[in-house]
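# compute the structure for the input listed below.
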Amino acid sequence: MASYENHYYPVPYCYLLVLCVLTAPVVSVYNLTDEGGLGMTFDGIGGLSGGGATSRLLVSYPEPQRAQILDYLFKPNFGAALQILKVEIGGDAQSTDGSEPSHMHTKDDQNYTRGYEWWLMREAKKRNPDIKLYALPWAFPGWVGGGQPYPKPDLTAGYVVNWILGAKTFHNLTIDYVGIWNEKEYDVTYIKTLRKTLDDNGLGHVMIVAADGGWLRISEDIMADPELAKVVDIIGAHYPGTQSIPVAKATGKTLWASEDYSTFNNPKGASCWARILNQNYVNGHMTSTISWNLIASYYDNLPYPRDGLMTANQPWSGHYEVSDPIWVTAHTTHFTSPGWKYLKGVGHLDGGGSYVALTDSKGGLTIVIEAMTHQYSQCVRPLLPPYSVKAAQTATFQLGGAFAKISSLHVWYSKLIGSQTVHFQSKDPVQVKGGKFSIEVNENCLYTLTTVKEAQPTLYPKPPASAPFPLPFKAKFDGPQDSSEAPYFADQTGVFELFVNESSSKFQHTLRQNVTERPIVWCNDAESAISVIGDYNWANVSVKCDVLVEEAGGAFVAVRVDRGGCGVHQAKGVFFWLLEDDKNNWIASTDIERNSILGQGKVNATIAGQWHSLFLYSKGDTTAGT
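Numbers count the residues shown, from 1 in each chain. Reported below is the predicted structural model:
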């Protein structure tokens, strides 16, 4: 027994010593240096107006609220301070939350004042002359091609290039990037033709982004076709989930998340935005991320309500909301500019979360750290795989190269969780000793550490209180406009534009539907043109409208319309129709496709070429129309 004890006693003693060594905490040090070169060029953070009609109500806001909203979006060092504005090239068709007008309804028609995107781009440039402009079609007028935009690539390229030329000629706007066809199949011949047409018109500076969809096919085509590789400047993918693919990286092209986010703009949505802004580069080498959408300035009952960086959908009251994603964006845009370089030392924190570092190549440094949990940072798409983030962790950084002599860094902080939310607050600088510093990183928090000094932004006073749409309401269709469309009306199929009718003194200021040929659509719009206004919750309401059917066809008024967007062709409500029809020239239906008829008949009247007053009343189960 004694021999047994003497022989084995040291073994457990040694075992315990080894166990202590194995469980001692290891603190990672994250190295940030420009020695050995830098990473990729940062192209900026952007917002998307369009896809479609997502900024529709903004242009109708009164001053000073309209200017304040624009400042929160575009003014440098104030709110989001966006660096890229992407807009829809209107195509006369539904493209998510409405239809936007084309600059060429027909091949012989050119008008560069339609819609509100021109106005929005001018306002963005007024606040930030360095902001980049990016244009992309969702739909095309029907004359461009027989259901597809590619049968005559010269025609389609000319149509798009006309828009770019019109931006410069009529608005002094320089377009920097142009895309192909949003989330639809592209055509290689068309892309090459577009490049040639741009060059032939003195637009060699305009870079082509392809193809605003997925990674795989466009990357494979670029690898297989040297001519295509020569004309495509940027590969843009939508909702990439912070990941690109090897073949996309192998092309050597700049990679963008050319549409991302698309999530409700509360603290959870802001956490989604914070996570992807960092990890799109860390995981996928994407140098720009663009939010769909720029601003939720459309009625709440249209698809994807409040999926913008902020919300402004009550021009009648002047109320708007500076939503959480605005301040997430500021964490990067206030302390960087397009042209800065990412450091090679970017990555994930040991306790979860990520960090990126950027430099102006002059010794300036900005570090953005996010620690968004899985529970609070899920975007609408795609599915987010499980991961964990520690409640608190200490992150230690070692600065080298041009940054070795930095002695302190300014700190900005946000917390994104429910009632505990804190927006973009300046904190005491962190001291750097021997090139090293540490920072406590808490879950669902966002930090910026930077050499760039900035004062806390002074915000505008609280906007007016929210208020319901005012009733009674009478549209006059007159007065100075920054848009071709009438205030508060949101076109869902077709395009309704302000029109001075010189043939009638009584009905001089009018709203006219101008699309007479079915467009090349992006999604399923209705067979009948429709524009909506007001509150979807209205149940007891009456509407009167004076209408002129100029040629064969008809007109209708409706109440209780239950939907718009790409589902507008399935809209239900109460519809009262006046039709140029030999059998039944009035119909009452419960749907826009007239599949469910409440009543129909014929009145002794000439429909086309004369003005008629349509009146529809609905209260409870009672509906009447005259």
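# C-alpha only now, for contacts and for neighbours.
Noted.
# look up how far residue 95 lies from residue 50.
Distance of residue 50 to residue 95, given as CA to CA, to the nearest Å: 8 Å.
# next one: residue 508
Taking CA to CA, one finds residue 508 at 31 Å from residue 95.
# between these two, point out the one with more neighbours.
residue 95 (29 against 14; other CA atoms under 10 Å).
# please tell me I have it right and the more buried one contacts residue 565.
Yes. Counting by CA atoms under 8 Å, residue 95 does reach residue 565; the two are 7.3 Å apart.
# for residue 403, grab the count of nearby residues.
Using other CA under 10 Å, residue 403 has 20 neighbouring residues.
# now do the SS call for the residue nearest to it when sequence neighbours are not counted.
In space, and not counting its chain neighbours, residue 403 is closest to residue 363: 6.1 Å by CA to CA, 6 or more residues apart in numbering. Assigned state for residue 363: coil (three-state reduction, DSSP: H, G, I helix; E, B strand; the rest coil).
# how about residue 46?
Classification of residue 46 by three-state DSSP places it in strand.
# quick one: it and residue 288, what's the gap?
Distance of residue 46 to residue 288, computed by CA to CA: 8 Å.
# between the two, who's got more neighbours?
Neighbour totals were compared for residue 46 and residue 288, and residue 46 leads with 31 against 24 (other CA under 10 Å).
# list the contacts for that one?
82-86, 288-291, 294 (CA atoms under 8 Å, 6 or more residues apart in numbering).
# repeat that with 6 Å
Applying CA atoms under 6 Å, 6 or more residues apart in numbering to residue 46 gives the contacts 82-85, 290.
# who's it bridged to?
For residue 46, the beta-bridge partners under DSSP bridges are residue 84, residue 290.
# for it, give its distance to residue 507.
Note on residue 46: its distance to residue 507, by CA to CA, is 43 Å.
# and residue 532, by the same measure?
As judged by CA to CA, residue 532 and residue 507 stand 21 Å apart.
# compare the two (neighbour count), which wins?
Remark: of residue 532 and residue 507, residue 532 carries more neighbours, 19 against 14, as counted by other CA under 10 Å.
# can you give me phi and psi for the more buried one?
phi -110, psi 160 (degrees, to the nearest 10).
# can you give me the pLDDT of the nearest residue to it once chain neighbours are set aside?
The shortest distance from residue 532 to any non-neighbouring residue, by CA to CA, 6+ apart, is to residue 490 (5.2 Å). On pLDDT, residue 490 comes in at 97.
# show me the contacts for residue 429.
Per CA under 6 Å, 6+ apart, neighbours of residue 429: 409-411.
# which of those fall in strands?
With DSSP state E as the criterion, strands contain 409-411 from among the contacts of residue 429.
# check the gap between residue 194 and residue 168 for me.
18 Å.
# neighbour count for these two, which is higher?
Each of residue 194 and residue 168 has its neighbours counted (other CA under 10 Å); residue 194 has more, 26 against 13.
# which residues are in contact with stretch 513-531?
Contacting residues not belonging to stretch 513-531 are listed as 93-95, 138-142, 147, 490-496, 566, 568-569 [CA under 6 Å, 6+ apart].
# span of that stretch from start to end?
Distance across stretch 513-531, first residue to last, is 9 Å (CA to CA).
# for the contacts of residue 46, which one is nearest residue 55?
residue 85 (12.3 Å; CA to CA).
# what sits against the nearest residue to residue 299 once chain neighbours are set aside?
Nearest residue to residue 299, sequence neighbours excluded (CA to CA, 6+ apart): residue 313, at 6.1 Å. Listed by CA under 6 Å, 6+ apart, the contact set of residue 313 reads 57, 297-298.
# secondary structure and pLDDT added to these, as CSV?
Output for those, formatted as CSV (DSSP: H, G, I helix; E, B strand; the rest coil; pLDDT from 0 to 100):
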residue, secondary structure, pLDDT
57, coil, 98
297, coil, 98
298, coil, 98
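# list buried residues within those residues.
Among these, the ones that count as buried by 16 or more other CA atoms under 10 Å are 57, 297-298.
# how about stretch 281-290 as PDB, C-alpha atoms only?
Presented in PDB, the C-alpha positions along stretch 281-290 are these (Å, rounded to 0.1, in the frame of the first residue of the first chain):
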ATOM      1  CA  TYR A 281     -17.000  43.100 -46.100                       C
ATOM      2  CA  VAL A 282     -15.600  40.700 -43.400                       C
ATOM      3  CA  ASN A 283     -17.300  37.600 -44.900                       C
ATOM      4  CA  GLY A 284     -17.900  38.600 -48.500                       C
ATOM      5  CA  HIS A 285     -15.500  41.300 -49.500                       C
ATOM      6  CA  MET A 286     -18.300  43.600 -50.600                       C
ATOM      7  CA  THR A 287     -17.200  47.200 -50.600                       C
ATOM      8  CA  SER A 288     -20.600  48.800 -50.800                       C
ATOM      9  CA  THR A 289     -24.000  48.000 -49.200                       C
ATOM     10  CA  ILE A 290     -27.200  49.700 -50.400                       C
END
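# state the mean pLDDT of that stretch.
98.
# residue numbering should commence at 4 henceforth.
Fine by me, first position is 4 from now on; the one you just mentioned is stretch 284-293.
# and the helices in the protein, which stretches?
Assigned by DSSP state H, the chain shows helices spanning 5-11, 13-26, 68-77, 120-130, 156-174, 191-203, 219-227, 229-234, 249-253, 270-287, 327-336.
# could you dump those into CSV with distance to residue 608 added?
Converted to CSV, the helices of the chain look like this (distance: least, CA to CA, whole Å):
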stretch, distance to residue 608
helix 5-11, 112
helix 13-26, 91
helix 68-77, 46
helix 120-130, 41
helix 156-174, 42
helix 191-203, 50
helix 219-227, 57
helix 229-234, 59
helix 249-253, 64
helix 270-287, 55
helix 327-336, 56
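# hmm, back to that, what do residue 98 and residue 568 both touch?
Between them, residue 98 and residue 568 share no contacting residue, judged by CA under 6 Å, 6+ apart.
# burial measure for residue 539, as a count.
Residue 539, neighbours per other CA under 10 Å, totals 16.
# same thing with residue 54?
26.
# who touches the residue lying closest to it once chain neighbours are set aside in this structure?
Closest residue in space to residue 54, ignoring its immediate chain neighbours: residue 98 at 5.0 Å, by CA to CA, 6+ apart. Taking CA under 6 Å, 6+ apart, we find residue 98 in contact with 54-55, 525.
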